[in-house]
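Novice: What follows is a predicted structure for the sequence shown.
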Amino acid sequence: MRKIKIIVKSESANFWWGIYGFCEKIGWEDLNLFHEDGTKIGRFCLNGKAYLRNGIEDLGDDPEELEFVTAVEKYLADNKCHYWYYYADKESEVSYLAPL
């Protein structure tokens, strides 16, 4: 079985600085995934709890966002890691992933 090497590139250096404790973790980070030959695989946005907590206050009254708000509230209620994907629209290449 051949192993595939995936390259992850973040949009800012603060993502890595936060992981290693040199600064506060940022609320969200756009990450781009590439195959080892440089072909783009996909893109997603990694969201932290604080970012999600602040965001659901604005979305709470929007019936189109009910599923997302419910998922975020469930995620914020415990200390487990939850992963899910949401797309802005069917043509969007960006998915949203939590947690950070």
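Specialist: Received it, and whenever you're ready, just let me know what you need.

Novice: where does this structure dip in pLDDT?
Specialist: For the chain, the stretches with pLDDT under 70 are 81-100.

Novice: mind listing the strands for it?
Specialist: Ranges of strands within the chain are 6-10, 28-35, 40-47, 86-87, 94-97, based on DSSP state E.

Novice: mind giving me CSV with the ones you listed and columns for mean neighbour count and distance to residue 53?
Specialist: Just so you know, the C-beta spots here come from the backbone N, C-alpha and C atoms, and that holds for glycine as well. Formatted as CSV, the strands of the chain follow (neighbours: other CB atoms under 10 Å; distance: least, CB to CB, whole Å):
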stretch, mean neighbour count, distance to residue 53
strand 6-10, 12, 22
strand 28-35, 16, 12
strand 40-47, 16, 10
strand 86-87, 14, 16
strand 94-97, 15, 15
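
Novice: would you list those in TSV and tack on distance to residue 16?
Specialist: Formatted as TSV, the strands of the chain follow (distance: least, CB to CB, whole Å):
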stretch	distance to residue 16
strand 6-10	7
strand 28-35	9
strand 40-47	12
strand 86-87	25
strand 94-97	17
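
Novice: among these, which is nearest residue 72?
Specialist: Closest to residue 72 of these, according to CB to CB: strand 40-47, at 8.8 Å.

Novice: Tell me which residues touch the residue nearest to residue 60 when sequence neighbours are not counted, please.
Specialist: What sits nearest to residue 60 in space, not counting adjacent residues and going by CB to CB, 6 or more residues apart in numbering, is residue 69, at 5.8 Å. Applying CB atoms under 8 Å, 6 or more residues apart in numbering to residue 69 gives the contacts 56, 59, 60.

Novice: of those, buried ones?
Specialist: residue 56 (16 or more other CB atoms under 10 Å).

Novice: Relative to residue 24, which of the contacts of residue 69 is nearest.
Specialist: residue 56 (20.7 Å).
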